[in-house]
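> Got a sequence here, can you build the structure:
(one chain, ligands or ions: 2)
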Amino acid sequence: MTTPSFAASSEFANPQLEPLFTAEQIQTRIGELGQQITNDYAGRNPLLVGVLKGACIFASDLMRAIDLPIGLEFMAISSYGMSMRTSGEVRIVKDLDVGVEGRDILVVEDIVDTGLTLSYLLATLHQRGASSVRLAALLDKYERRERDVQIDYLGFQIPDAFVVGYGLDFAERYRNLPYIAVLKST
Ligand code: IMP
Ligand code: MG
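Ligands and ions are numbered 1, 2, ... in the order given. Modelled structure (predicted):
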């Protein structure tokens with residue numbers, strides 16, 4: 001599979017970044033979520049399942065804000081590719097290396113948009129016999145929801161805009177921005 005080039009896209013001919021959440025705002029919120037998760041899972045040892053690639057940075061920061069013995073695993077789900085619209089098709093590209101039976105699973109996702117990815121993933125983990133499955137999502141683009149998805153630990157709600165940074169990409173670019181911005185074309 002070839003990596004799509006940002007320059008090849010016509011959707012953003014002249015890209016502009018409009019800051020939405022600063023690095024500091026993100027860290028403050030993650031500290032609060034970590035505290036909440038630490039309290040809620042007291043006495044247990046949940047397994048964090050990060051959804052690649054977008055959630056890699058959120059998962060790294062969130063796990064350091066949780067004061068419990070936790071495990072970390074990753075899964076990869078097919079995503080948008082070059083398009084800003086979801087295809088509606090969900091596919092596991094990289095599966096877990098461990099079983100989830102009897103485990104308390106906390107899925108860590110960058111953003112819930114239509115909810116197609118998460119509703120599929122959460123149902124799959126339930127089917128595999130996890131004793132509980134909860135979701136931590138940094139961003140919630142609630143206006144675009146097509147499937148009901150319960151977000152147990154939410155960073156921020158955002159309007160219907162395409163955002164990048166802090167792990168989120170457009171055609172593999174901008175994941176390394178320390179803040180979150182709306183990507184606009186002029
Ligand atoms: P959903 O299945 O429509 O909820 O899509 C979820 C996935 O689409 C996320 O995990 C992201 O990888 C991607 N996505 C959705 N909205 C955005 C966005 O605004 N910026 C970057 N990626 C996005
Ligand atoms: Mg994602």
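> Show me what counts as buried in stretch 97-116.
For stretch 97-116, the neighbour count (16 or more other Cβ atoms under 10 Å) marks 100, 103-116 as buried. C-beta: built from backbone N, CA, C; applies to glycine.
> For ligand 1, tell me whether that stretch is touching it.
Yes: Stretch 97-116 reaches ligand 1 (Cβ under 6 Å from any ligand atom) through 109-116.
> This structure: strands as residue ranges?
15-21, 47-52, 71-77, 92-94, 104-112, 132-140, 153-157, 163-164, 180-185 (DSSP state E).
> partners of the shortest one in the sheet?
Partner strands and pairing direction for strand 163-164 (DSSP bridges) are strand 180-185 (antiparallel).
> What residues does this protein have near ligand 2?
By Cβ under 5 Å from the ion, the residues of the chain that approach ligand 2 are 51, 54, 110.
> Could you report the pLDDT at the residue of the chain found nearest ligand 2?
At 3.5 Å from ligand 2, Gly54 is the closest residue in the chain, using Cβ to the ion. Note for Gly54: predicted pLDDT of 96.
> Help me confirm that it comes into contact with Glu109.
Yes: with contact defined as Cβ atoms under 8 Å, Gly54 counts as touching Glu109 (7.5 Å).
> Need the pLDDT of the closest residue in space to Val100 that isn't next to it in sequence.
The shortest distance from Val100 to any non-neighbouring residue, by Cβ to Cβ, 6 or more residues apart in numbering, is to Ala130 (4.4 Å). Looking at Ala130, its pLDDT stands at 98.
> show me where pLDDT drops low in the chain?
1-11, 79-89 (pLDDT under 70).
> let's see 80
1-13, 79-89, 186 (pLDDT under 80).
> Name the single longest helix found in the protein.
For the chain, the longest helix by residue count, based on DSSP state H, is helix 23-40.
> That helix relative to strand 132-140, how many degrees between them?
Taking axes from the mean of the first three to the mean of the last three Cα atoms, to 10 degrees, one finds helix 23-40 and strand 132-140 inclined to each other by 160 degrees.
> Give me the buried positions along helix 23-40.
In helix 23-40, counting by 16+ other Cβ under 10 Å, buried: 26, 29-30, 33-34, 37.
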